[in-house]
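J.: Here is my input, please return the structure:
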Amino acid sequence: MRECASAPFENECGVGVVRSRNGAIDNHPLHKRLPENFIILQDGAEAMLDQPKLDQTKIEIDTSNIEGTIAPADHTTFTGNRALAIEEGLIFELGRPEVSGVDLPDPKPVANRLGTLERKAPIGLPGLSEPEVLRHYVRLSQKNYAIDTGIFPLGSCTMKHNPRLNERMARLPGFGDIHPLQPQSTVQGALELMREISHWLLTLTGMQAVALSPRAGAHGEACGMMAIKQALIARGETEQRTVVLVPDSAHGTNPATATLVGFTVRSVPARADGIVDVDAVRQALGPDVAAIMLTNPNTCGLFEKNIVEVAEAMHEAGAYFYCDGANFNAIVGRARPGDLGVDAMHINLHKTFSTPHGGGGPGAGPVVLSSRLAPYAPLPLLVEDGSGLKLVEDPAEAPGTFGRLGAFHGQMGMFVRALTYMLSHGADGLHQASEDAVLNANYIRVGLADLMSLPFGNRPCMHEALFDDGWLKNTGVTVLDFAKAMIDEGYHPMTVYFPLVVHGAMLIEPTESESKATLDLFIAALRDLAMAARRGDKERFLGAPHFAPRRRLDETRAARSPVLKWTKPAPVEG
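T.: The predicted model follows:
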């Protein structure tokens, strides 16, 4: 019997033993949450195990003084708050239009220049003091799940830890306080950092050129496809080559990007084992094909082992190979896309290189280009002349370029964070991070494979483990129900119903950030949920989440009929 203090459910395939110190385990809420393959021993009683050959884990739980620790479910409060679970209203409900959090002098009278556009009624914005504003948004933030609060298993998202060292570096003078319109002679250090991160990205990918200006992954996709379009313009083939091949398992942004840039999309089916069918690619090729957009590793968590053959077929047909780099975290230091025949690939710095995911804030999706596409990279270009580093922003100095993607030259704060991650890890550390990400995904796969079905068989995956809903058949529980029940267990759900090529997909990506102890508890929680679904405990799922600040929403109605404007409710009569 193995002692385990830090990982409560550390047995991968065996029987767990919970040993109570005072016989009170029956009243403890953990009693109802233990997986079925755990046995409760009271006060040192000897266990008579039916399966002595299986590994065993003993958990010492102090169940003393547990009386009254759980409030009755029907207990109500005057405020609607439940201790630290604050019932927070909308800011419009909290604020008062007649109040301002700051004191400003009355403006001097001016002539009305608005004419008929002058406002006729109060503007109605809520007024709050600084403490009220701060508390409101802090309370809202406490209702969010975040990578700083627990494992974030969203598949195809790479929700890894954001090291605090990165944040400290991004706030250094010269990085955190510069302006994009400063004279370039005053920001040579920032330009040197851009050159250094470019060097790392080109070395890790084996490519010829890099564009740092894209603000995110989808923006990077647009950049790569615009470079391909510009190359076709240079070849005089834009009217002929109008089709982009996109595998069925692709991210939704791939066909959207191809369409945005002016191409039509032709889908390519996958084989029964989850990877792209090379013969199907060859059959889809023709003089009208401009490129293929393929993700590797793909969204099924599998490495496209025939990627070199796909690249060769595309190049022989005169087309280009765009690789979606969303899953690059699985192969950094192990494989270089340029060596595999890739012509363009975006890199999500917020995935592979640990910059924050943002939620609409600053992002970065640099694009690396092969020698075939390097002449068509967007402006600005970072070059060195006799006076130092400079950004080329005049198209006359870069005749092949397709132009600009946006104002200025990218997100400096993200460059600083990503380069800090690279330098603190080193080449060997980046290599290990990728291996650990793959190891963690396979650890989850093995830990759940006997209860949850795998669409492509129980074989090694890359950075994420993919399950389907086959095991839920006849249980009355759906994938969405299972995901909502995970919220009650304190976990953000995995990605569900994607990729579309798998029915009822559940895609789990733990990244390299998580410890074995964290993964053991996560696996045990999912095993308990899976066994509850199998034994018919539908109430646990159909009503979930039971403990979230809000219960299950009508997501379809919310998407189709969103309420985008707050309306003051009518006064209650009587």
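J.: tell me the mean pLDDT for whichever helix in the chain runs longest?
T.: Secondary structure of the chain per DSSP state H: the longest helix is helix 412-448. On average, the pLDDT along helix 412-448 is 97.
J.: So for that helix, what gets flagged as buried?
T.: Going by neighbour count (16 or more other Cβ atoms under 10 Å), the buried part of helix 412-448 is 412-422, 425, 430-435, 437-438, 440-445, 447-448. Yep, even glycine has a C-beta here, placed from its N, CA and C like the rest.
J.: Then stretch 539-548?
T.: In terms of neighbour count (16+ other Cβ under 10 Å), stretch 539-548 has its buried residues at 540-541, 544-545.
J.: which SS class is residue 565?
T.: Applying DSSP: H, G, I helix; E, B strand; the rest coil to residue 565 yields a three-state assignment of coil.
J.: Over to residue 390?
T.: Taking three-state DSSP as the rule, one finds residue 390 in the strand state.
J.: Who does it form a beta bridge with?
T.: Using DSSP bridges, the beta-bridge partners of residue 390 come out as residue 383.
J.: Poorly predicted segments of the stretch 351-500 of the chain, please.
T.: Along the stretch 351-500 of the chain, the model assigns pLDDT under 70 to residues 358-361.
J.: make it 80
T.: Residue ranges of the stretch 351-500 of the chain with pLDDT under 80: 358-362.
J.: Also the chain?
T.: Applying pLDDT under 80 to the chain flags the ranges 1-75, 358-362, 572-574.
J.: Could I get the full set of strands for the stretch 151-300 of the chain?
T.: Secondary structure of the stretch 151-300 of the chain (DSSP state E, counting those that start in this stretch): strands at 209-211, 243-247, 264-268, 289-295.
J.: The shortest one pairs with which strands?
T.: According to DSSP bridges, strand 209-211 has the following sheet partners: strand 367-369 (antiparallel).
J.: ditto for the second one
T.: Within its sheet, and counting by DSSP bridges, strand 243-247 is paired with strand 264-268 (parallel), strand 289-295 (parallel).
J.: Ok, which of those strands comes nearest residue 372?
T.: Closest to residue 372 of the strands paired with strand 243-247, according to Cβ to Cβ: strand 289-295, at 11.2 Å.
J.: need the next SSE after that closest one, C-terminal direction.
T.: Remark: after strand 289-295, the chain's next helix or strand is helix 307-316, criterion DSSP states H and E.
J.: So what does the nearest residue to residue 189 once chain neighbours are set aside have for phi and psi?
T.: Residue nearest to residue 189 in three dimensions, not counting chain neighbours: residue 174, with 5.2 Å by Cβ to Cβ, 6 or more residues apart in numbering. Dihedral pair for residue 174: phi 100, psi -20, per degrees, to the nearest 10.
J.: you'd agree residue 174 is up against residue 191?
T.: No - contact between residue 174 and residue 191 fails when scored by Cβ atoms under 8 Å: they sit 11.1 Å apart.
J.: follow-up on the earlier one: minimum distance to residue 389: which of the strands of the stretch 151-300 of the chain has it?
T.: Nearest to residue 389 among the strands of the stretch 151-300 of the chain is strand 209-211 (14.7 Å), distances taken as Cβ to Cβ.
J.: Can you give the distance of the very next helix or strand once past the longest helix of the chain from its chain's centre?
T.: Where DSSP H and E defines the elements, the next helix or strand beyond helix 412-448 is strand 465-467. Its chain's C-alpha centre and that of strand 465-467 lie 16 Å apart, by Cα atoms, centre = their mean, to the nearest Å.
J.: Can you tell me the strand partners of strand 465-467 and which way each runs?
T.: Using DSSP bridges, strand 465-467 pairs in its sheet with strand 506-508 (antiparallel).
J.: Dump the C-alpha coordinates for the helix or strand that the partner strand is followed by into PDB.
T.: Per DSSP H and E, the first helix or strand lying C-terminal to strand 506-508 is helix 516-534. C-alpha atoms of helix 516-534 as PDB (Å, rounded to 0.1, in the frame of the first residue of the first chain):
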ATOM      1  CA  LYS A 516       1.200  14.800 -11.500                       C
ATOM      2  CA  ALA A 517      -0.700  15.600  -8.300                       C
ATOM      3  CA  THR A 518      -3.000  18.000 -10.200                       C
ATOM      4  CA  LEU A 519      -3.500  15.500 -13.000                       C
ATOM      5  CA  ASP A 520      -4.300  12.700 -10.600                       C
ATOM      6  CA  LEU A 521      -7.100  14.600  -8.900                       C
ATOM      7  CA  PHE A 522      -8.400  15.800 -12.200                       C
ATOM      8  CA  ILE A 523      -8.500  12.200 -13.500                       C
ATOM      9  CA  ALA A 524     -10.200  11.000 -10.400                       C
ATOM     10  CA  ALA A 525     -12.900  13.600 -10.600                       C
ATOM     11  CA  LEU A 526     -13.600  12.700 -14.200                       C
ATOM     12  CA  ARG A 527     -13.600   9.000 -13.400                       C
ATOM     13  CA  ASP A 528     -16.200   9.700 -10.700                       C
ATOM     14  CA  LEU A 529     -18.400  11.600 -13.100                       C
ATOM     15  CA  ALA A 530     -18.000   9.000 -15.700                       C
ATOM     16  CA  MET A 531     -19.000   6.200 -13.300                       C
ATOM     17  CA  ALA A 532     -22.000   8.300 -12.100                       C
ATOM     18  CA  ALA A 533     -23.200   8.700 -15.600                       C
ATOM     19  CA  ARG A 534     -22.800   5.000 -16.300                       C
END
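J.: change the start of the numbering to 547 and stick with it
T.: With 547 as the first residue, the last one maps to helix 1062-1080.
J.: I'd like to know which elements helix 1062-1080 is packed against.
T.: Packing contacts for helix 1062-1080, counted by 3 or more Cβ pairs under 8 Å, 6 or more residues apart in numbering; DSSP states H and E, involve helix 958-994, helix 1025-1034, helix 1085-1088.
J.: Leaving out chain neighbours, which residue sits closest to the spatially most central residue of the chain?
T.: Nearest residue to the geometric centre of the chain (Cα atoms, centre = their mean): residue 703, 2.7 Å. Leaving out its chain neighbours, the residue that sits closest to residue 703 by Cβ to Cβ, 6+ apart is residue 1055, at 6.4 Å.
J.: which ones are touching that neighbour?
T.: Going by Cβ atoms under 8 Å, 6 or more residues apart in numbering, residue 1055 touches 699-705, 847, 983, 987, 1009-1011, 1040-1041.
J.: And for residue 1006?
T.: 988, 991.
J.: run the last query once more with 7 Å
T.: residue 988 (Cβ atoms under 7 Å, 6 or more residues apart in numbering).
J.: From residue 783, how far off is it?
T.: Per Cβ to Cβ, to the nearest Å, residue 1006 is found 41 Å from residue 783.
J.: swap in residue 823?
T.: Distance, residue 823 to residue 783, by Cβ to Cβ: 26 Å.
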